[in-house]
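Asker: A predicted structure for the sequence below; I have some questions about it.
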Amino acid sequence: MKLVSRRFALESKRLVQLTWPLLVAQITQMLMGVVDTVMAGQYNALDMAAVALGFSITIPLMCFLQGIALALPPIIARYQGSKASGQVAFAAQQAGYLLLILGVVILSLYPAVPAILRWFPMEAGLYAITLDYVRYVLLSMPAFALYQWLRNYCEGLGNTKPTMIITVIGLGFNILANYLFIYGAGPIPAFGGAGCGIATAIVISVMFVSTLVYTAKSKRLHHFGLFAHIAPPSLKMMIRTFRLGFPVAMTLLFEVTLFAVVALLLAPFGATTVAAHQVALNFSALMFMFPLSMGMAVSIRVGYRVGQNNLKQAATAVNSALCIGLIVAVGTASFTLLAKEFIIDLYTQDPAVSSLAAALLIYAAMFQFSDAIQVISANTLRGYKDTTAMFVITFFAYWLIGLPTGIILGRTDWLTAQPMEAAGFWIGFIVGLSSAAVLLGARVYYLVHRQRPTAHLQQGLSGTL
């Protein structure tokens, strides 16, 4: 019993050490989008709308690259756990080749941007600003791909603090670059909302270069020799990495597009409903950073422990992550309920929006428990390299259970006296996320217990990452 408690305490401590820098980095990354919107809005409403629209077009592309890069941490954590450090550099280099190719492929969309934007009917002024914003951001896609590569290389080796520091510096640089290119200064003309695109491209490039310099100079990473010997591209290894990362990328896209589709489906109910939905959704996204960061940490720990063939300790890491995640969910849900008026006042002073947002925040508090379980479980599967199951389950739960439930409750009177509007869609979120939590949790349970009987388990506490 004492050994079990020591194992649990060990994994809990290491998870927290890995998680808090990831949490700061994720929140800081979110704040960059908030800063872009606020600063463009202070210029004028048209530019703010263009930035919001341009962001909604480019974020799926960035999520795709990020999803592919997320295949790297469990791969190299497993090599590190198995003491095969010599394989780390090779695997990382192949992931770098893959991500650079994908970044260039996305950049090649540059000439097609006008045609893509014509899919979205808009006035001429809005079209022109959005076009410029998207084009500027696309120019940084190779740099973004390589930044994600190096970031996930560091994180996969348990080195999460550099990401936090570089992202925080990036936020400060983003504010300065936004000011210079939105409003203009000295020889720099005022670009308005398009200036956010320029600032974003510059900040991404600066973050890539900063991470590159750190990775090349770090004494902690020197042992792995990422740049000591550059291996030629291996199509076989790149395909393996892509096959592992593609389901992760698609899972991210499922979630991003789900919330975008719901916003469109709520549009017929008017601006008040959409605004209240956005308030609740934006705050929920902030709270989601807590379990997401824990999930990213547990994927590293599971990969490392599986590499050691210490599957009992991998299971302990999963249990620790779920316990911590649920404890944090109690805290965030309680805060959401007790401070909802304060939260809403940060977003709006409109009485109608505030009233509806207060009701939606109750649903937001309810689904934080399911959200914690599903995202930690999904990242656990990533650590076990079981990403196909994650892909299938999330698609089924989000799009075949959650969204239809939301449409039936929100847009029809099939089950209720009248359409529940936004509340119906939020119940759909709860149903979808709860379904994902149950199915992903069951898959994790199956994996953990399937592997235990056949593995040669290491009982000791040595070899901590």
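Answerer: Received, thanks. Numbers count the residues shown, from 1 in each chain.

Asker: hang on, R220 in a helix?
Answerer: Yes: R220 forms part of a helix when assessed by DSSP: H, G, I helix; E, B strand; the rest coil.

Asker: Please identify the buried residues of the helix or strand where A145 lies?
Answerer: Per DSSP states H and E: A145 is located in helix 141-156. Judged by neighbour count (16 or more other Cβ atoms under 10 Å), helix 141-156 contains these buried residues: 141-156. C-betas here are computed from N, CA, C, even on glycine.

Asker: for those, which one is nearest P232?
Answerer: W149 (17.2 Å; Cβ to Cβ).

Asker: If we only consider the buried residues of helix 141-156, which is nearest to T200?
Answerer: Using Cβ to Cβ, the buried residues of helix 141-156 come closest to T200 at F144, 9.3 Å.

Asker: The closest one against F208, yeah?
Answerer: Yes: at 7.3 Å, F144 and F208 qualify as touching, with contact defined as Cβ atoms under 8 Å.

Asker: Torsion angles phi and psi at the residue lying farthest from the centre of the chain?
Answerer: Taking Cα atoms, centre = their mean, the residue of the chain most remote from its mean C-alpha position is A417, at 37.7 Å. Here is the backbone geometry of A417 (degrees, to the nearest 10): phi -60, psi -30.

Asker: Show me where this protein dips below the pLDDT cut-off.
Answerer: 1-4, 451-465 (pLDDT under 70).

Asker: domain assignment for it?
Answerer: The chain is divided into the following domains under automatic domain parsing: 21-233, 246-465.

Asker: got these as a markdown table, with distance to R6 columns?
Answerer: Output for the domains of the chain, formatted as a markdown table (distance: least, Cβ to Cβ, whole Å):
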| stretch | distance to R6 |
| --- | --- |
| domain 21-233 | 19 |
| domain 246-465 | 7 |
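
Asker: Would you agree A357 falls within a helix?
Answerer: Yes: assigned with three-state DSSP, A357 falls within a helix.

Asker: you'd agree it is up against Y347?
Answerer: Yes: contact between A357 and Y347 holds when scored by Cβ under 8 Å: they sit 7.3 Å apart.

Asker: quick one, which of those two is more surrounded?
Answerer: A357 (27 against 17; other Cβ atoms under 10 Å).

Asker: any idea how far F396 is from the more buried one?
Answerer: For A357, the distance to F396 equals 30 Å [Cβ to Cβ, to the nearest Å].

Asker: intersection of neighbour lists for A357 and Y347?
Answerer: V279 (Cβ atoms under 8 Å, 6 or more residues apart in numbering).

Asker: about what we covered before: ok, then the element right after the helix holding A145?
Answerer: helix 161-178.

Asker: Just the CA trace of that following helix, in PDB.
Answerer: Extracted in PDB, the C-alpha atoms of helix 161-178 (Å, rounded to 0.1, in the frame of the first residue of the first chain):
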ATOM      1  CA  LYS A 161       9.500  25.600 -19.200                       C
ATOM      2  CA  PRO A 162      11.200  27.000 -22.300                       C
ATOM      3  CA  THR A 163       7.800  26.900 -24.100                       C
ATOM      4  CA  MET A 164       6.200  28.900 -21.300                       C
ATOM      5  CA  ILE A 165       9.000  31.500 -21.300                       C
ATOM      6  CA  ILE A 166       9.100  31.900 -25.100                       C
ATOM      7  CA  THR A 167       5.300  32.200 -25.300                       C
ATOM      8  CA  VAL A 168       5.100  34.800 -22.600                       C
ATOM      9  CA  ILE A 169       7.800  36.800 -24.400                       C
ATOM     10  CA  GLY A 170       5.900  36.300 -27.600                       C
ATOM     11  CA  LEU A 171       2.700  37.800 -26.100                       C
ATOM     12  CA  GLY A 172       4.600  41.000 -25.200                       C
ATOM     13  CA  PHE A 173       6.100  41.100 -28.700                       C
ATOM     14  CA  ASN A 174       2.700  40.500 -30.100                       C
ATOM     15  CA  ILE A 175       1.300  43.600 -28.300                       C
ATOM     16  CA  LEU A 176       4.200  45.800 -29.500                       C
ATOM     17  CA  ALA A 177       3.900  44.500 -33.100                       C
ATOM     18  CA  ASN A 178       0.200  44.900 -33.200                       C
END
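
Asker: residue ranges for the helices of the stretch 351-465 of the chain, please.
Answerer: 351-383, 387-395, 403-411, 422-451 (DSSP state H, counting those that start in this stretch).

Asker: Show residues contacting the third one.
Answerer: Surrounding helix 403-411, the residues in contact under the criterion Cβ under 8 Å, 6+ apart are 258, 261-262, 265-266, 414-416, 419-429, 431-432.

Asker: count of residues packed around the closest residue to I401 other than its chain neighbours?
Answerer: Nearest residue to I401 in three dimensions, chain neighbours excluded: S435, at 4.8 Å (Cβ to Cβ, 6 or more residues apart in numbering). A count of neighbours around S435, defined by other Cβ under 10 Å, yields 21.

Asker: Same question for F269.
Answerer: F269: 17 neighbours (other Cβ under 10 Å).

Asker: what does L61 give?
Answerer: Neighbours around L61, by other Cβ under 10 Å: 20.

Asker: Same question for G184.
Answerer: For G184, using other Cβ under 10 Å, the count is 14.

Asker: Any figure for the gap between it and G192?
Answerer: Counting by Cβ to Cβ - G184 and G192 are separated by 9 Å.

Asker: what touches both of these two?
Answerer: With Cβ under 8 Å, 6+ apart as the test, G184 and G192 reach no residue in common.

Asker: buried sites along stretch 124-144?
Answerer: 126-144.

Asker: Strands - which of those land there?
Answerer: Of these, none are assigned to strands by DSSP state E.

Asker: Those residues in helices, which ones?
Answerer: Those of the buried residues of stretch 124-144 mapping onto helices are 126-138, 141-144, per DSSP state H.

Asker: Show me which helix runs longest in the protein.
Answerer: Across the chain, the longest stretch assigned as helix under DSSP H is helix 2-43.

Asker: quick one: that one to helix 141-156, angle?
Answerer: 160 degrees (axes from the mean of the first three to the mean of the last three Cα atoms, to 10 degrees).

Asker: and helix 2-43, what does it pack onto?
Answerer: helix 45-69, helix 161-178, helix 194-217, helix 271-307, helix 311-338 (3 or more Cβ pairs under 8 Å, 6 or more residues apart in numbering; DSSP states H and E).

Asker: among the ones you listed, which is nearest L107?
Answerer: That would be, of the helices and strands packed on helix 2-43 and by Cβ to Cβ, helix 45-69, which comes in at 9.9 Å.

Asker: Many thanks, we can stop here.
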